[in-house]
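**Student:** Coordinates only, no sequence provided:
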């Protein structure tokens, strides 16, 4: 498929907003074939000047919080405001589970039928770094194709939230209307990544619990230093099911963009993200080369086990392995 | 100084508890000279079987929380219980500030005069990784010299708390008797590293505020999932000034050790730490070699700036630099 069109033609069609070309282009950046990688980089270089004009929103939440319902309601609202919206995903477990996230066709049914929306499941991949890189590149492609609002969804497994927070303008954490002990299931550090917290399911019997949860989160957030001096993390509530409060979330995202645009923080955040992404790629590639090295692979299991057992210092084990690597 | 004794003699004297030899041994592991490094690794290999028998406690807290007063009161209490205590430090800023941490001779005056205590300031170093490695190795040396309780202090700057948490059995966070907005100065993620929280200055006019702070922290902690299933992070209070509540802190550390010894978690934690330390050394050395490469250095500033400006994708910039590195 990616071979069907020369890269320049593919780029033109992506920039014209052609959905099939966009899907092909994403398949190309997801490919691990070296010749595809070279084409992908050429494609990305061509479209790069046409990216980054919209808003990038990361959304995470524990299973059962109603994430799909929220994204559908949110996406439809955003479309109603005259925007085109793309939904991408990061799920480092999708290879193992066969793609739980966004793979289910019954999810976001209305949104997926709308031509102003583009939904793409998580790429498969062995490492979070690899999955995240492909999602980042897909984000550039959907932006080039004219989707001004990009939503990156994460399943909330492993370090995927950090990866998402590192590629978006705003990280939105969706929480259930529960408090105290029930909230202990939320992964360490996630609350602190959030630029916005939204308590979903503020409806019916849970309306009261949602109100309490909002108060509890505001209290807890007071214990954390804000990441950004010009923005105080808001705690909102909504009912995605009843389509209530979704407009408030979108308005708050608009406030956020205006404030961070005015302060220049959004440009700094994106520049920092790009730089960090470059260094991550470098580190990962260096480590891959090290781990693929024959001499290293022969000695690694023994030295790692000896280190864990306290039979050799970590520093000495590292030096032996590095000496083996450099010798080759 | 480190040249004064052959490594085997130095090891013998360290194991015999000789303080001067211990100080020399630490100076040796702190040295950056390649021949010293080889000697240091030989020394560490010799003493390694005699390490790891005691308890390793990390202590962090914001400036003004009374950390020195606490460590002195705590150290004297531990000595009174029949233990020998060593206090080491990690301060990645010490090179710049001339060694603020533990450098002041008036700090911990009583503890520093006691022969059952050994206090060593933070090693200087340009990178946190380098500083942390030397402190880790110093920890092994003081353990070999018979100090059963090792305290690693951090100034709470940069990522130093994570480095400390990654080398101790228990990470104790010392907090002031303040609540709400005043607590916003606490760095993101620090509370979540803590195995134990102690509110200091629970005395005089602040006794009531300390009680409130304890309640607030217990409440906030309920929102975080515990790192360890067999241990619930306690929130205690003390007055280091009045020497009140220090025994409770030590008793709680004893409980922690017993519970984690019984579950085998302490062995797993140390094995994980050693493995992670080995990989950190490998990653840092690979990156250093990359950054020191002539061809990389020539192109790096331009490519990094272009990446930050959005003129080239991070992936393409990384690949160009990696190609340059591999070619050499």
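**Tutor:** Nice, thanks for sending it over. Values in this document were obtained by computation on a predicted structure and should not be read as measured data.
**Student:** contacts and neighbour counts: CA atoms only from here.
**Tutor:** Will do.
**Student:** tell me, which helix in chain A spans the most residues?
**Tutor:** Longest among the helix segments of chain A by residue count, using DSSP state H, is helix A:265-292.
**Student:** Buried residues in that helix, which are they?
**Tutor:** Residues of helix A:265-292 classed as buried by neighbour count (16 or more other Cα atoms under 10 Å in any protein chain shown): A:265-267, A:269-283, A:286-287, A:290.
**Student:** same question, stretch A:229-248
**Tutor:** Counting neighbours by 16+ other Cα under 10 Å, one finds that the buried residues in stretch A:229-248 are A:233-240, A:243-247.
**Student:** Widest-spaced pair of these?
**Tutor:** A:233 and A:243 (22.4 Å; Cα to Cα).
**Student:** where along the stretch 151-300 of chain A do the helices fall?
**Tutor:** Taking DSSP state H, counting those that start in this stretch as the criterion, the stretch 151-300 of chain A contains helices spanning A:160-165, A:190-193, A:207-221, A:246-263, A:265-292, A:294-308.
**Student:** Confidence-wise, which of the buried residues of stretch A:229-248 comes last?
**Tutor:** Among the buried residues of stretch A:229-248, residue A:233 has the lowest pLDDT, at 91.
**Student:** ok, it touching residue A:198?
**Tutor:** No: shown here, residue A:233 and residue A:198 do not form a contact pair, counting by Cα atoms under 8 Å, at 10.4 Å.
**Student:** excluding its backbone neighbours, what's nearest residue A:140?
**Tutor:** residue A:51 (5.7 Å; Cα to Cα, 6 or more residues apart in numbering or on different chains).
**Student:** and the one you found, what does it touch?
**Tutor:** Residues in contact with residue A:51 (Cα atoms under 8 Å, 6 or more residues apart in numbering or on different chains) are A:140, A:141, A:143, A:144.
**Student:** Relative to the whole chain's centre, how far out is stretch A:35-48?
**Tutor:** In terms of Cα atoms, centre = their mean, to the nearest Å, the centre of stretch A:35-48 is set 21 Å apart from its chain centre.
**Student:** next one: stretch A:55-64
**Tutor:** Centroid separation for stretch A:55-64 versus its chain: 8 Å, with Cα atoms, centre = their mean.
**Student:** Buried residues, it. List them.
**Tutor:** A:55, A:56, A:57, A:58, A:59, A:60, A:61, A:62.
**Student:** just to revisit the earlier point, go through the buried residues of stretch A:229-248 and flag which are in strands.
**Tutor:** A:235, A:236, A:237 (DSSP state E).
**Student:** Between these, which sits nearest chain B?
**Tutor:** residue A:235 (15.0 Å; Cα to the nearest Cα).
**Student:** can you tell which of the helices of the stretch 151-300 of chain A is closest to residue A:35?
**Tutor:** Nearest of those to residue A:35, taken as Cα to Cα: helix A:265-292 at 17.6 Å.
**Student:** Tell me, what's the model's pLDDT at residue A:142?
**Tutor:** At residue A:142, the model reports a pLDDT of 98.
**Student:** Quick one: residues contacting it.
**Tutor:** Going by Cα under 8 Å, 6+ apart, residue A:142 touches A:22, A:86, A:150.
**Student:** quick one on the thing from earlier: ok, and of the buried residues of helix A:265-292, which contact chain B?
**Tutor:** Among the buried residues of helix A:265-292, the residues lying close to chain B (Cα under 8 Å from any Cα of the partner chain) are A:270-275, A:277-279, A:281-283, A:286-287.
**Student:** Are stretch A:61-68 and chain B in contact anywhere?
**Tutor:** No: shown here: stretch A:61-68 not in contact with chain B (Cα under 8 Å from any Cα), separated by at least 13.1 Å.
**Student:** Not counting that stretch itself, show me its contacts.
**Tutor:** With Cα under 8 Å, 6+ apart, stretch A:61-68 has contacts from A:60, A:107-108, A:154-156, A:173-176, A:186, A:200-201, A:240.
**Student:** Endpoints of that stretch, how far apart?
**Tutor:** Stretch A:61-68 has its terminal residues 10 Å apart, counting by Cα to Cα, to the nearest Å.
**Student:** same question, stretch A:60-73
**Tutor:** 15 Å.
**Student:** that older thread, now the helices of the stretch 151-300 of chain A as CSV including distance to residue B:117?
**Tutor:** Output for the helices of the stretch 151-300 of chain A, formatted as CSV (distance: least, Cα to Cα, whole Å):
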stretch, distance to residue B:117
helix A:160-165, 42
helix A:190-193, 39
helix A:207-221, 39
helix A:246-263, 51
helix A:265-292, 41
helix A:294-308, 29
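**Student:** By mean pLDDT, show me the worst of those.
**Tutor:** Mean pLDDT per stretch puts helix A:190-193 lowest among those, at a mean of 81.
**Student:** Now do the same contact list for the most centrally placed residue in chain A.
**Tutor:** By Cα atoms, centre = their mean, chain A has its centre lying nearest to residue A:164, at 2.8 Å. Residues near residue A:164 by Cα under 8 Å, 6+ apart: A:58, A:90, A:132, A:152, A:153, A:154, A:171.
**Student:** please redo it, this time with the cut-off set to 7 Å
**Tutor:** Listed by Cα atoms under 7 Å, 6 or more residues apart in numbering or on different chains, the contact partners of residue A:164 are A:58, A:152.
**Student:** try residue A:74
**Tutor:** So residue A:74 contacts residue A:246 (Cα under 7 Å, 6+ apart).
**Student:** Surely it is in a helix?
**Tutor:** Yes: according to DSSP: H, G, I helix; E, B strand; the rest coil, the state of residue A:74 is that of a helix.
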